[in-house]
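Enquirer: Build me a structure from this.
(chains A, B and C)
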Amino acid sequence: MKKTILALLLVLTMLMPMAALAEEHTPVTIEAWIVQTDFSDAWDEQIKPKFEEEYPWITVDAVGLGEANQDFITAKIAAEDTPDLWQVDNVQTYYDAIDNGLLVDLNTLEVSKDIPEAYREAFTHNGKLFGLTQGAAFSVLYLNMQILEEAGWTEAPTNWDEFIQCCADVQEKTGVAPLTLAGDKTTTCWMLYELIIANIVGDQLGLGVYEEQFKAGTFDFTAYPEIAEHLAQVAPYMLTGTGSMTEDDVTAAMTDGAAAMCVAGNWTSNNICSGIEECTGDAKYVKAVLAPFNAAGAPVWISVSPETAFGLSNAPDDPAVVEAREIFFNWIFQPENFKMIQNARGTVPVLSTMTEDQIVLPAAIAEIVPAMGAAPFVSMGFNLWTAEFKDAACTALKDVYGGNKDAATAVAEMTELLKQYNRGE
Amino acid sequence: MEKTWKRIVSWFALALATVVLWIPIYYFVIGAFKKRTDIVKHPLTLDFSRMSFDNFTYAFKKMNLFKALGNTGFITVIALLIVIICGSLAGFAIARIHHKVFRVFYTVVIALMVVPFIGALIPIVVLIHRIGLYGSLWGNVLIQAAWNLPFSIFLFTGFMQSLPKEMEDAAYIDGCSTFGIYLRIFLPLLKPVTATCCIRAGIGIWNDYLVSNSLLNSARQPTLMVAVYQFFGQYVSEYGYAFAGIIMASLPIVIMFLFLQKYFIKGLVAGAVKG
Amino acid sequence: MAKSVAARKSLSGLERSRVRTGLVFLIPAALLCIVFIVIPLISVVVYSFNEKSSVGSAMTYVGLENFKTLPTTEGFWQMVWATMLFAFGSTILIVVLSFIVAMALDSKRLDYISRNVFRAMWFFPCILSGSVVGILWRIMYTYNNGVINSVLKSLGATPVNWLETYGLTNFAVIIASVWSQMGLCIVIFLAGLQSIPTELLEAAAIDGAGHGQVRTHIILPMMAPSITINVLTTSIAAFKMYELPWIISKGLPGYSTRLLTQRIHFFGFESSKFGLGSALSVILILVITAISLIQLVVLRRREDIY
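Expert: Numbers count the residues shown, from 1 in each chain, chains lettered A, B, ... in the order given. Modelled structure (predicted):
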């Protein structure tokens, strides 16, 4: 069935100039839920017009733009008015949605084969695939090399001791705050901490073990005293206000030269890189590296995650609508269409059908993508935790960043929290 | 002589306090003409060479402004009408007629004033969906009317309790019915408290995001605040667009306020004097 | 005595018809309140005794389990304290400051034009929605580049970490809420002040009463009803508020500015534990109702004393 639709799709694409064919269809309107406002311009100017030109009988409207995405979808589920195209994350709400039959099991769709297995697995719940990801997210350390050079560092630090030494030098010699991150957002708040953990436990436990233990609630943060030590080492070097900064604030801090380095996701690289460039007046001072939180000589561990994914509604509707939403879903994952989203967001796509020339990345990021692909990794926190753990652990972590709490206390609290709030998988 | 001096000092003290109060608004308004980085880096600077109407044209294009304006206007006006009619009728009964039922109802109304909307949001969505009003402006109107009603009943009751009893007695002697008394004697006196209700409830309904976002479909029935919210993204917050959008969305209500302000304060005073 | 009983009897026919009409008057309001507030509220009460996810309609009866679990959830008592501090702190500040400003705006020393212009300006912040005010103040409180710290720096003072200092953040959140809500209180106070008959003040002045005496013996008693309304409505609004403080502080540092309404939102929309959230709603409603009724009784009694 799905294969015939895909075949039909291909035929239609080829026959597109013959508008006569389109007139056989009754016009339908479908809704696409868009979370990331950073491609809302691309949506209006490229994606929507291109699709509607190719499928003149389908109108596709964007709904739910903005920040409160959980609120939006929860209300829509209660009203049985879910959008045709969803944006899903690896959290409870969407597990409930697939369990309740609100989303299509994408395993039946041909196009999901174009997404690598690991990324499909991340969005599989009870054997059902509920989302195809927009791309790969990974954590990055961005550096303003002008400030580092002033502090006597012509090269980026390559391990934890160097990194801490570098922070000390920056603070002492330039007076600039060495490090910042977006503490306001739980993903980035947790990122620094998970990088510390990954580099301490990674080699010892091996790939995937930390995640397993975390999800089962058996991971003990206090069993590795270095975790608290490293956290305590780095906390004093944070820019004041880090715990409450948004990603936008981080961009501003880097643009102002208020901080020398920042830990952030690759998804904000466009903003941060251009911010550092504006600050220093020269692109050569913009540097991005995989965060060197490793012991000297040991490999660098990073944290990665699939980005927010697209899901397909399974809500009963008019057959024409059901057909249209499948057409649109398949259409998005065609490389020439998907590149519009990728180019607008600057994330690293994992769609295997996309070719190199279709992918646009900031130079500093493009440089480290091969290293990223080769590096051992842990999963970012939001793939592993429950809402309760996220909330309580990040609250404790922000207190550490803000200098209100001792690192060891926070780490001990987290062990207790994880025992109580885990996914039990 | 001393009096003039005092006048000037008190004027300047008040003016200074007003300026402090208005710093956020100044910042907000000039921010609407600035780029994102300038808002963050140079918040209070007024540099016309770095300011433009770009944010406004962008926000206008994205917001579907006229449709949103129409929807929000419709919801606000109709909901206010319901609030005022139902509120004044109930207030009259509670304030002027002595019976246990009304006292009980009044206590219940006060208790309903305290219900936090967010806690009941999901049951409300389910309810509106079940009665077939989901996605219709009317569902929004009814929810806004109902949730603004307890407070206006409280206001109307308080106001009508303060009116002298003799007015009614005289009218009864003249053979007026109870409804007639409400209509001819009380209603004309209610202007000030109605103005208060309109301003209090009206601003809330106009600025509503939560109800519209939950009960309406943002593509088919956009409202102003839902349209503004699209500028607060998950990854990048375009403050300039949001500021411009908020200014455009609030303009009608600012104009209305400036227009009604004289009447609004005067009305309140006229009514309160009689209390 | 006998006479008054007779008079009451003759009135009873009229009274009965009045009650009937009154009941008819109540119907529209009662219907709206029952359908759109009471019925959802009943669902909330039912959910509070059940384990229920925010998605789907399946639920299991758990008795009082949710109410027992709540106090053991992370930061619960800190949130209770934060809510009380926010509600009472902002109410007191709003009412006191509004009263002072209303007195200044009512002053006979002001000329006609500046009085009206100032009034409009003081009311103005009210027309912005809670979330807009939240965003505005959050940007202003930012440690680096925030307007407030920029001003402090230019004055030679050290910048303040508004959003990450225990105690100070509570203050920061309250200030934003005061800023956005003073206008309505001022308007109600102004109306109250202008309802004081000028003859009364003139008579007091002739009798040689000083400013302070006029204030305590004439103005304050006459203002008692407006004080009641303002205290009651402001405190209820403060207890129910969630967006404005959330956007500014996200409940930080720790749980020190996290309000119970924000926790209800967390349970309902983030952790998909709607039963737990409903139990918290029920508790919050009971607490606010109790506090409001106490306020009402105390304040009304004061009105009667005067």
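Enquirer: Pull up the distance across stretch B:121-137, start to finish.
Expert: 17 Å (CA to CA, to the nearest Å).
Enquirer: Could you tell me the average pLDDT over that stretch, please?
Expert: The pLDDT scores in stretch B:121-137 average 87.
Enquirer: Same check on stretch C:290-297?
Expert: On average, stretch C:290-297 scores 86.
Enquirer: just how off-centre is the biggest helix by length in chain A within its chain?
Expert: Counting residues, the longest helix found in chain A (DSSP state H) is helix A:186-205. Distance of helix A:186-205 from the chain centroid (CA atoms, centre = their mean, to the nearest Å) equals 16 Å.
Enquirer: tally of neighbours for A:Leu192?
Expert: When neighbours are defined as other CB atoms under 10 Å in any protein chain shown, A:Leu192 has 29 of them. Using the backbone N, CA and C atoms, a C-beta is placed for each residue, glycine as well.
Enquirer: Tell me if I'm right that B:Asn148 and B:Trp206 touch.
Expert: No - judged on CB atoms under 8 Å, B:Asn148 makes no contact with B:Trp206 at a distance of 11.7 Å.
Enquirer: does A:Ala288 sit in a helix, a strand or a coil?
Expert: At A:Ala288, secondary structure determined by DSSP: H, G, I helix; E, B strand; the rest coil is strand.
Enquirer: give the contact list for it.
Expert: A:140-143, A:269, A:273, A:364-365, A:367-368 (CB atoms under 8 Å, 6 or more residues apart in numbering or on different chains).
Enquirer: Buried ones among the residues you listed?
Expert: A:140-143, A:269, A:273, A:364-365, A:368 (16 or more other CB atoms under 10 Å in any protein chain shown).
Enquirer: Nearest to C:Arg263 among those residues?
Expert: Nearest to C:Arg263 among the buried ones among the contacts of A:Ala288: A:Val140, at 33.8 Å, using CB to CB.
Enquirer: Show me what that closest one is bridged to.
Expert: Assessed by DSSP bridges, A:Val140 has beta-bridge partners A:Ala264.
Enquirer: roughly how far apart are it and A:Met354?
Expert: To A:Met354, A:Val140 is 21 Å away according to CB to CB, to the nearest Å.
Enquirer: for B:Val19, same thing?
Expert: From B:Val19 to A:Met354 the distance is 56 Å (CB to CB).
Enquirer: And for C:Gly208?
Expert: From C:Gly208 to A:Met354 the distance is 90 Å (CB to CB).
Enquirer: These two: which is more packed in?
Expert: A:Met354 (19 against 7).
Enquirer: Show the contacting residues for the residue nearest to that one when sequence neighbours are not counted.
Expert: In this structure, A:Met354 finds its nearest non-sequential neighbour in A:Pro335, 4.3 Å apart by CB to CB, 6 or more residues apart in numbering or on different chains. Shown in contact with A:Pro335 (CB under 8 Å, 6+ apart): A:351, A:353-355, A:358.
Enquirer: What sits closest to the one residue in chain A that gets nearest to chain C if chain neighbours are left out?
Expert: Using CB to the nearest CB, the single residue of chain A nearest to chain C is A:Gly241, 2.8 Å away. Take A:Gly241 and drop its neighbours on the chain: the residue closest to it by CB to CB, 6+ apart is C:Tyr143, 2.8 Å away.
Enquirer: burial count for the one you found?
Expert: Per other CB under 10 Å, the neighbour tally for C:Tyr143 reads 23.
Enquirer: measure A:Lys419 to B:Val101 for me?
Expert: 55 Å.
Enquirer: hey, where'd the strands end up in chain B?
Expert: Ranges of strands in chain B, per DSSP state E: none exist.
Enquirer: where does it have low pLDDT?
Expert: For chain B, the stretches flagged by pLDDT under 70 are B:1-2, B:37, B:40-41, B:232-238, B:260-275.
Enquirer: Could you break it into its assigned domains?
Expert: For chain B, automatic domain parsing gives the domain ranges B:2-54, B:64-230.
Enquirer: would JSON lines of these with mean neighbour count be doable?
Expert: Formatted as JSON lines, these follow (neighbours: other CB atoms under 10 Å in any protein chain shown):
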{"stretch": "domain B:2-54", "mean neighbour count": "15"}
{"stretch": "domain B:64-230", "mean neighbour count": "20"}
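Enquirer: is it possible to export those domains to CSV including distance to chain C?
Expert: Listed next are the domains of chain B as CSV, based on distance: least, CB to the nearest CB, whole Å:
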stretch, distance to chain C
domain B:2-54, 5
domain B:64-230, 3
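Enquirer: Report whether the helix or strand where C:Gln295 lies contacts chain B.
Expert: If you go by DSSP states H and E, C:Gln295 is part of helix C:274-305. Yes - applying CB under 8 Å from any CB of the partner chain, one finds helix C:274-305 in contact with chain B at C:274, C:277-278, C:280-281, C:284-285, C:288-289, C:292-293, C:296.
Enquirer: So is that helix next to chain A?
Expert: No - judged by CB under 8 Å from any CB, helix C:274-305 and chain A are separated, with a smallest distance of 9.2 Å.
Enquirer: before we move on, back to that, closest one of the contacts of A:Ala288 to B:Val228?
Expert: For these, the nearest to B:Val228 is A:Ser269 (27.9 Å; CB to CB).
Enquirer: ok, now which ones touch residue 88?
Expert: If you meant another chain, say so; for now it's chain A. A:94, A:97, A:103, A:123, A:130-131, A:308-311.
Enquirer: Oops, wrong one, chain C.
Expert: C:Phe88 makes contact with C:235, C:238, according to CB under 8 Å, 6+ apart.
Enquirer: So what are the sheet partners of the one helix or strand A:Asp61 maps to and their directions?
Expert: Here A:Asp61 sits within strand A:58-63, counting by DSSP H and E. Strand A:58-63 has its sheet partners listed here by DSSP bridges as strand A:28-33 (parallel).
Enquirer: for the nearest residue in space to C:Pro125 that is not next to it in sequence, what are its contacts?
Expert: Distances taken as CB to CB, 6+ apart put C:Ser180 closest to C:Pro125, at 5.3 Å, once the chain neighbours are dropped. C:Ser180 is in contact with C:125-126, C:128, C:130, C:133, C:244, counting by CB under 8 Å, 6+ apart.
Enquirer: Please point out which parts of the helix or strand C:Ser180 falls within sit buried.
Expert: Under the criterion of DSSP H and E, C:Ser180 resides in helix C:168-194. Buried positions in helix C:168-194, judged by neighbour count with 16+ other CB under 10 Å: C:168-170, C:172-194.
Enquirer: My reading is that the residue nearest to A:Gly241 lies in a strand. Confirm?
Expert: No - applying three-state DSSP, one finds C:Tyr143 to be coil, outside a strand.
Enquirer: Let me see the ranges of the strands in chain A.
Expert: Using DSSP E, strands in chain A cover A:28-33, A:58-63, A:85-88, A:124-125, A:128-129, A:132-133, A:136-144, A:177-181, A:259-265, A:286-289, A:302-306, A:309-312, A:377-379.
Enquirer: Quick one: mean pLDDT for the third one?
Expert: Spelled out, it's strand A:85-88. 88.
Enquirer: Please report how far the residue nearest to C:Pro125 lies from chain A.
Expert: C:Ser180 is 20 Å from chain A, where distance means CB to the nearest CB, to the nearest Å.
Enquirer: follow-up on the earlier one: which one of the contacts of A:Ala288 is nearest to C:Pro40?
Expert: A:Ser269 (45.1 Å).
Enquirer: is it true that that closest one touches A:Val140?
Expert: Yes - counting by CB under 8 Å, A:Val140 is a contact partner of A:Ser269 at 6.8 Å.
Enquirer: any residues in contact with both of these two?
Expert: Common neighbours of A:Ser269 and A:Val140 (CB under 8 Å, 6+ apart) are A:288, A:365.
Enquirer: tell me which parts of the stretch 151-300 of chain A are close to chain C?
Expert: Checking the stretch 151-300 of chain A against chain C by CB under 8 Å from any CB, the hits are A:184, A:239-241, A:243-245, A:249, A:252-253, A:256, A:258.
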